[in-house]
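*Asks:* Fold the stuff below for me.
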Amino acid sequence: MKKWGDYMLDNIVDNLKDDIIKATQELIRIPSVYSKSDDEKMPFGKNVNSALEYMLDLGKKLGFRTKNIDGYCGYIEFGKGDELVGIIGHLDVVPEGTGWTFPPFSATISDGKIFGRGAIDDKGPVVASLYAMKAVMDNCKLNKRVRLIIGLNEENDWKCIDYYKKHEEAPAVGFSPDADFPCIYAEKSILSCYIKENYTNNFDKIKIKEIDCNNNALNVVPKFCSLVLEINDNIQMSDFIETLKHFIKRNNFEIDIYKLSQTEVKLTSYGVGAHAAHPDAGVNAISRLLVILALTFKHYNCNLELLDFFNKYINTEYDGKSLGISCKDESGRLTLNVGDFLLENNILKIGMNLRIPINTPISDIEDIFNRLCSNYSNLNFETTSTEDFLHVPKNDKLVKTLCKIFNEETNSNAEPIAIGGATYARAFTNCISFGPNFPGHKDMCHQTDEFVEIDNLILACKIYAKAIIELGK
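*Replies:* This is a model prediction of the structure:
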């Protein structure tokens, strides 16, 4: 049940609503997608750095202490005390993708929503957290310092947060506004990896000439993939196209065929984007195209081990059953997303992102892939990154406190949940993820037409303000 002070704090946040909307829009308009950089002061690219500078400038204008940590990350802080409360978010975003109703970096407001890449992941929640800090700083006295830690490389390999941990103070307690309400007590382990085959482009009948996946990230269900195939004189182009059409129709896939010449054909596959933590929420354009390739190559007796591996062990399955893996526990089941397919330096690769239940070691999954690849003469398995799971018991004080705050503010009785996503919460002890997605609302993270509902953003700000007071007492 709300207290009188809660209603007062709600009114304070309501008075900040216009500022919250404006700041969220301005931040979304910075296209902070990671890019390679040789500038030591901008290790993740100019646009990502611009997003950091925007937030630090805003924090300074609002009366906070700020610090740019060598371009890797930054923080915004207030209060006094030996103990530090941390709020950990990020400003980098996944690539915009295609098919948006509004330009992805326009921050268009429509139907009570702010549309744009990063609106819900994680720019809107970071802004909400900052203004929650503002509401508390100006109206309440705490016994601890509160610090908004701003990461810039969350969508890739977390170099930003690793740098922070080496150079700055770790929070004693905290949360990451980068997942779901009421709060997250467990996050699955993550394995990003590739299956590779040497591919010299020498061919008997069919050759893959080029592949375009629109720079899809491994942690995104791809909505687009195209490639160009070349056939030799032993195959009639008309027969080849009919064979492709037959397999596409049989599988009911959305794949277009374009005849480029008498020897070349282009295939373009379309899907539905989603976060790799929820692959079943999307339609995988790469997997569907690989299915057609595997069938076509087999039909013409063309041996490509990578396609055979895909067809046997991955296909369009997401739960690992075809790999001989059936792990599942309280955090959920294993999921698999094919996020990349590329031909680079005569190496053909399929990239995958797996979310692994907390009771299954990552090494067990790696061993299975290595064993299966050893059955082939020309395949190799490579791990590109791993992230260990997070698990805080449901009866832990932090979990119970944040869950209680959410339930009181929303007059609900929700229970802590487990997710397949990864947040900065797992980078620190005594830290869990907390919002901003509300129960029953569609998660637009990494999706086309990503948005944040303005009313929910303001409500999240109120919830975060109360969490800051409770954790900072």
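
*Asks:* what comes up buried for the longest helix along the chain?
*Replies:* The longest helix of the chain (DSSP state H) is helix 454-472. In terms of neighbour count (16 or more other CB atoms under 10 Å), helix 454-472 has its buried residues at 454, 456-469, 471-472. Where you see a C-beta, it was placed from the backbone N, CA and C, and this is true even at glycine.

*Asks:* Same check on stretch 8-23?
*Replies:* Of the residues in stretch 8-23, those with enough neighbours to count as buried (16+ other CB under 10 Å) are 9, 10, 12, 13, 16, 20, 21, 23.

*Asks:* Name the residues that touch that stretch?
*Replies:* 58, 109, 114, 127-128, 130-132, 134-136, 138-139, 454, 457-458, 461-462, 465-466, 469 (CB atoms under 8 Å, 6 or more residues apart in numbering).

*Asks:* before we move on, the earlier item: what is the longest helix of the chain packed up against?
*Replies:* Contacts of helix 454-472 with other secondary structure elements, assessed using 3 or more CB pairs under 8 Å, 6 or more residues apart in numbering; DSSP states H and E, are made with helix 4-15, helix 17-28, strand 84-90, strand 113-115, helix 124-137, strand 173-176, helix 397-410, strand 436-437.

*Asks:* Off-centre distance for stretch 462-473?
*Replies:* With CA atoms, centre = their mean, to the nearest Å as the basis, the distance from the averaged C-alpha position of stretch 462-473 to the chain average is 26 Å.

*Asks:* Ok, stretch 378-385 next?
*Replies:* On CA atoms, centre = their mean, the centre of stretch 378-385 falls 22 Å from that of its chain.

*Asks:* Tell me who's in contact with the residue lying closest to residue 128 once chain neighbours are set aside.
*Replies:* In space, residue 128 comes closest to residue 461 once its chain neighbours are excluded; the distance is 4.1 Å by CB to CB, 6 or more residues apart in numbering. Contact partners of residue 461, counting by CB under 8 Å, 6+ apart, are 13, 16, 20, 128, 129, 131, 132, 135.

*Asks:* from those residues, which single one is nearest residue 151?
*Replies:* residue 129 (12.7 Å; CB to CB).

*Asks:* Name the SS class of the residue nearest to residue 197 when sequence neighbours are not counted, please.
*Replies:* Spatial nearest neighbour of residue 197, chain neighbours left out: residue 306 (4.2 Å); criterion: CB to CB, 6+ apart. Taken by DSSP: H, G, I helix; E, B strand; the rest coil, the conformation at residue 306 corresponds to helix.

*Asks:* correct me, but residue 306 touches residue 194?
*Replies:* No - in this structure residue 306 lies outside contact range of residue 194 using CB atoms under 8 Å: 10.3 Å.

*Asks:* shared neighbours, these two?
*Replies:* When contacts are counted by CB under 8 Å, 6+ apart, the set common to residue 306 and residue 194 consists of 349, 350.

*Asks:* Who has more neighbours out of those two?
*Replies:* residue 306 (26 against 18; other CB atoms under 10 Å).

*Asks:* measure the more buried one to residue 342 for me?
*Replies:* The spacing between residue 306 and residue 342, counted by CB to CB, to the nearest Å, is 11 Å.

*Asks:* Quote the end-to-end distance of stretch 218-229.
*Replies:* One end of stretch 218-229 to the other measures 24 Å (CA to CA, to the nearest Å).

*Asks:* Quick one: mean pLDDT over it.
*Replies:* Stretch 218-229 shows a mean pLDDT of 92.

*Asks:* before we move on, back to that, what separation do you get for the residue nearest to residue 128 and residue 303?
*Replies:* Distance, residue 461 to residue 303, by CB to CB: 58 Å.

*Asks:* and what of residue 365?
*Replies:* Shown here: residue 365 relative to residue 303, a distance of 27 Å by CB to CB.

*Asks:* what do you get for residue 291?
*Replies:* 17 Å.

*Asks:* try residue 172
*Replies:* Distance of residue 172 to residue 303, computed by CB to CB: 58 Å.

*Asks:* Touching stretch 296-315 from outside, list them.
*Replies:* Counting by CB under 8 Å, 6+ apart, the neighbours of stretch 296-315 from elsewhere in the structure are 195-197, 199, 203-206, 235, 243-244, 247, 287, 290-291, 293-295, 322-323, 336, 338, 348-350, 352, 372-373, 376-379.

*Asks:* The same query, at a cut-off of 6 Å, please.
*Replies:* When contacts are defined by CB atoms under 6 Å, 6 or more residues apart in numbering, stretch 296-315 is touched by residues 197, 205-206, 243, 290, 293-294, 322-323, 348, 372, 376, 378-379.

*Asks:* which of the residues you listed count as buried?
*Replies:* In terms of neighbour count (16+ other CB under 10 Å), the buried residues within those are 197, 206, 243, 290, 293, 294, 322, 323, 348, 372, 379.

*Asks:* Shouldn't the first one be within a strand?
*Replies:* Read it as residue 197. Yes - with three-state DSSP as the criterion, residue 197 is located in a strand.

*Asks:* So what sits opposite it in the bridge?
*Replies:* With DSSP bridges as the criterion, residue 197 is bridged to residue 348, residue 379.

*Asks:* Against residue 68, how distant is it?
*Replies:* Noted for residue 197: a distance of 44 Å to residue 68, by CB to CB.

*Asks:* go on, the third one?
*Replies:* For residue 243, the distance to residue 68 under the criterion CB to CB works out to 58 Å.

*Asks:* Residue 458 now?
*Replies:* Applying CB to CB, the value for residue 458 to residue 68 is 29 Å.

*Asks:* ok so, going back, tell me which of the helices and strands packed on helix 454-472 lies nearest to residue 255.
*Replies:* When these are ranked by proximity to residue 255, the top entry is strand 113-115, at 28.6 Å, counting by CB to CB.

*Asks:* per-residue confidence averaged over that closest one?
*Replies:* Per-residue confidence for strand 113-115 averages out to 98 on the pLDDT scale.

*Asks:* just checking, what packs against that strand?
*Replies:* Other helices and strands packing on strand 113-115, by 3 or more CB pairs under 6 Å, 6 or more residues apart in numbering; DSSP states H and E, are strand 451-453.

*Asks:* run the last query once more with 10 Å
*Replies:* Using 3 or more CB pairs under 10 Å, 6 or more residues apart in numbering; DSSP states H and E as the contact test, the elements touching strand 113-115 are helix 17-28, strand 451-453, helix 454-472.

*Asks:* Report the distance from that strand to the chain centre.
*Replies:* Centroid displacement of strand 113-115 relative to its chain, using CA atoms, centre = their mean, is 19 Å.

*Asks:* strands paired with that strand, and their directions?
*Replies:* If you go by DSSP bridges, strand 113-115 pairs up with strand 109-110 (antiparallel), strand 451-453 (antiparallel).

*Asks:* Which residue ranges of the stretch 151-300 of the chain form strands?
*Replies:* Remark: strands of the stretch 151-300 of the chain, listed N- to C-terminal, are 173-176, 179-180, 184-187, 189-198, 206-212, 220-221, 224-231, 255-259, 264-270, 274-275; assignment by DSSP state E, counting those that start in this stretch.

*Asks:* Could you export these as JSON lines, including distance to residue 402?
*Replies:* As requested, the strands of the stretch 151-300 of the chain are exported to JSON lines (distance: least, CB to CB, whole Å):
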{"stretch": "strand 173-176", "distance to residue 402": "6"}
{"stretch": "strand 179-180", "distance to residue 402": "12"}
{"stretch": "strand 184-187", "distance to residue 402": "9"}
{"stretch": "strand 189-198", "distance to residue 402": "23"}
{"stretch": "strand 206-212", "distance to residue 402": "43"}
{"stretch": "strand 220-221", "distance to residue 402": "28"}
{"stretch": "strand 224-231", "distance to residue 402": "38"}
{"stretch": "strand 255-259", "distance to residue 402": "45"}
{"stretch": "strand 264-270", "distance to residue 402": "40"}
{"stretch": "strand 274-275", "distance to residue 402": "22"}
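
*Asks:* Sounds good, over and out.
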